[in-house]
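K.L.:
show me how the following folds:
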Amino acid sequence: MSLFDFILFFVYIFIFYLVFYWRRRRYKDPLLRKYQKHGFWIKVFSSLAYSMFVLYLSPGDTTGLFFPEGYNIYKLILKDPSNLDLLFIQGKDFDQALLANIANLGYFSEESNYLVSKIVAALSFITFGKFLVINLFFSMISFTGVWRLFRFFYEQYPDMHKQFAIGILYLPTFVFWSSGILKDPLCTGAMGWITYALYAIFIKRKNILANIIIFLLFSYLLVVLKVYIIVSYLPFFIMFLLLQNVTLIRNKAMKAFIVLGFIVGSMAGFLTITQTMQKALGNFAAEGMVKTIKTYQVNFENQADIASSNFSLGVEFDGTAQSLLRIAPAAVVATLYRPFLWESKKPSTFLSSLESLAIMLLTIYTIFRVGLRRIVSTIIKKPIVMYCLLYSLMFSLFVGATTLNFGTLVRYKIPGLPFYVIAMFLLLYFNRKPKKMPAGTDGQTELT
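P.N.:
Down below sits the predicted model:
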């Protein structure tokens, strides 16, 4: 990297700062202004830290695939404008002879890999193809959605702003791995935009057409990048939206009718989606899911001699649905609480193990502070807790079952971590010692 890289990096920091500052001035709530400013600077420094990490400590997909191939597409277009169609074709149609590195042969057959490289190529036209600046763009893309996610939770319970900031804006691995040229920043950003768009459509009932477009756009992005995220996330969030509306209905018969209708409709919808998305789901399709998990586990085991960060769940998996249920506890524990301190052999996994330890201690504290009976009762009574906890546990199951390498696990698990942490905070919040409150308030506020 040259001096120009750093100069341009700081120029774009200033530009992004002006954009977010303009937006921040429109917030009447001083807490929103404070957290937006904090979140912005955290993402800026995290982007720089991530860039240094992948350049000098742990090269990976960012420096080996996404950036060099995206930059190569950018140079091909500059050399011959007719190559502009490379930004619009599918990865399977890309001429492998044009690759910057022959070692990347076959990677573009996975459309998600090609999409990230195309985004890098497109951004190169306004960043002169500078690595630091493109990383900053990916970090800011993530932040726009992450900020929407924070606002969604904040608008439910404003007095929990500190807890939501910890779970979303300040969570170390969530921030770090969503701050560079990877699929993860795009996915975390998309999740936030999808969440707030659906919330605005069905709860706030504002800007419905614009939010429908936002929902469709970012849903498509998630389907291409990591379809299993949207397939595991949407049902639980839609369930929350429905149950939240049900709580506004006082007629018990009507409530029961709506809940039953949702259950029946969900079952029918699940069967329909499973059939129509069989091809789109690929490895995560219903019939092949357990076989795929077994394949992933065998692949990781076969690479044990060259991958010192591989690990075992300690439970034998034979490829059947029954054994999937048996490994569920170990898989969830692996995602949420591992690597343990003594299992960390690299700086990146050691930092993640400290965070995992903190999450484990938070879980233990919540269990003893609240009690199992009240935890179950709160999950049943509070749709927001049910949504956060069920999604994070289901997501943890499949990530933990398919990812038997700590280096990969610490990155793959980030879409579920904020929701699990928030679920713990919500359980503590709903079971705190009661305080005297003015009549007619319930602790939940909808902001405009």
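K.L.:
neighbours around the residue nearest to Gln163 when sequence neighbours are not counted, how many?
P.N.:
What sits nearest to Gln163 in space, not counting adjacent residues and going by CB to CB, 6 or more residues apart in numbering, is Phe425, at 3.9 Å. Where you see a C-beta, it was placed from the backbone N, CA and C, and this is true even at glycine. Neighbour count for Phe425, taken as other CB atoms under 10 Å: 22.
K.L.:
and if you look at Phe236?
P.N.:
Residues near Phe236, counting by other CB under 10 Å: 20.
K.L.:
ok, Glu343 next?
P.N.:
When neighbours are counted by other CB under 10 Å, Glu343 registers 14.
K.L.:
contacts only, for Phe164.
P.N.:
By CB atoms under 8 Å, 6 or more residues apart in numbering, the residues touching Phe164 are 150, 153-154, 157, 422, 425.
K.L.:
okay, and it sits in which element?
P.N.:
helix 161-164 (DSSP states H and E).
K.L.:
which positions within that helix qualify as buried?
P.N.:
161, 163-164 (16 or more other CB atoms under 10 Å).
K.L.:
what would those look like in CSV with pLDDT?
P.N.:
Below are these laid out as CSV (pLDDT from 0 to 100):
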residue, pLDDT
His161, 97
Gln163, 97
Phe164, 97
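K.L.:
tell me the spacing between Ser377 and Ala190.
P.N.:
34 Å (CB to CB, to the nearest Å).
K.L.:
neighbour count for these two, which is higher?
P.N.:
A direct count of neighbours by other CB under 10 Å for Ser377 and Ala190 places Ala190 higher, at 26 against 14.
K.L.:
the more buried one contacts Phe218, correct?
P.N.:
Yes - counting by CB atoms under 8 Å, Ala190 touches Phe218, with 4.0 Å between them.
K.L.:
sorry, back to before: could you dump the contacts of Phe164 into a markdown table and include distance to Leu242 and secondary structure?
P.N.:
Below are the contacts of Phe164 laid out as a markdown table (distance: CB to CB, whole Å; DSSP: H, G, I helix; E, B strand; the rest coil):
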| residue | distance to Leu242 | secondary structure |
| --- | --- | --- |
| Phe150 | 23 | helix |
| Phe153 | 18 | helix |
| Tyr154 | 22 | helix |
| Tyr157 | 19 | coil |
| Ile422 | 20 | helix |
| Phe425 | 23 | helix |
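K.L.:
going through these, which ones are buried?
P.N.:
Here, 16+ other CB under 10 Å leaves 150, 153-154, 157, 422, 425 buried among the contacts of Phe164.
K.L.:
how about stretch 151-160 as PDB, C-alpha atoms only?
P.N.:
Below are the C-alpha coordinates for stretch 151-160, written out as PDB (Å, rounded to 0.1, in the frame of the first residue of the first chain):
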ATOM      1  CA  ARG A 151     -33.100   1.200  16.000                       C
ATOM      2  CA  PHE A 152     -35.700  -1.600  15.700                       C
ATOM      3  CA  PHE A 153     -34.900  -3.000  19.200                       C
ATOM      4  CA  TYR A 154     -34.500   0.500  20.700                       C
ATOM      5  CA  GLU A 155     -37.900   1.500  19.500                       C
ATOM      6  CA  GLN A 156     -39.400  -1.500  21.400                       C
ATOM      7  CA  TYR A 157     -37.700  -0.800  24.700                       C
ATOM      8  CA  PRO A 158     -35.800   2.600  24.800                       C
ATOM      9  CA  ASP A 159     -34.700   2.100  28.400                       C
ATOM     10  CA  MET A 160     -32.600  -0.900  27.300                       C
END
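K.L.:
give me the residue ranges of this protein where confidence is low.
P.N.:
Within the chain, the stretches with pLDDT under 70 are 246-324, 434-448.
K.L.:
domain assignment for it?
P.N.:
Annotated domains of the chain cover 3-181, 192-287, 290-433 [automatic domain parsing].
K.L.:
what is the burial count for Ile414?
P.N.:
21.
K.L.:
just say helix, strand or coil for the closest residue in space to it that isn't next to it in sequence.
P.N.:
In this structure, Ile414 finds its nearest non-sequential neighbour in Phe174, 4.8 Å apart by CB to CB, 6+ apart. Put simply, Phe174 is helix when judged by DSSP: H, G, I helix; E, B strand; the rest coil.
K.L.:
OK, contacts around Phe174?
P.N.:
Here Phe174 is in contact with 168, 188, 414, 417-418 (criterion: CB under 8 Å, 6+ apart).
K.L.:
do you know how far the residue lying closest to Val44 once chain neighbours are set aside is from Ser179?
P.N.:
Excluding its sequence neighbours, the residue lying closest to Val44 (CB to CB, 6+ apart) is Ile13, at 5.8 Å. According to CB to CB, Ile13 and Ser179 sit 13 Å apart.
K.L.:
which of those two has more residues huddled nearby?
P.N.:
Between Ile13 and Ser179, counting by other CB under 10 Å, Ser179 is the more crowded of the two (29 against 19).
K.L.:
Gly180 contacts Ala49, doesn't it?
P.N.:
No - if you go by CB under 8 Å, Gly180 and Ala49 don't touch, sitting 9.3 Å apart.
K.L.:
neighbour count: the two, which is higher?
P.N.:
For Gly180 and Ala49, the more surrounded residue by other CB under 10 Å is Gly180, and the numbers stand at 29 against 14.
K.L.:
helix/strand/coil for that one?
P.N.:
With three-state DSSP as the basis, Gly180 sits in coil.
K.L.:
for the closest residue in space to it that isn't next to it in sequence, give me its contacts.
P.N.:
Using CB to CB, 6+ apart and skipping the chain neighbours, the partner closest in space to Gly180 is Tyr50 (4.0 Å). By CB under 8 Å, 6+ apart, Tyr50 lies in contact with 135, 139, 176-177, 179-180.
K.L.:
and those residues, which is closest to Ile213?
P.N.:
Ile213 lies nearest to Ser139 out of the contacts of Tyr50, by CB to CB, at 24.2 Å.
K.L.:
let me know the helix or strand that that closest one is in.
P.N.:
Using DSSP H and E, Ser139 sits within helix 131-156.
K.L.:
one step back: tell me which of the contacts of Phe174 is nearest to Val385?
P.N.:
Taking CB to CB as the measure, Val385 sits nearest to Pro418 out of the contacts of Phe174, at 14.1 Å.
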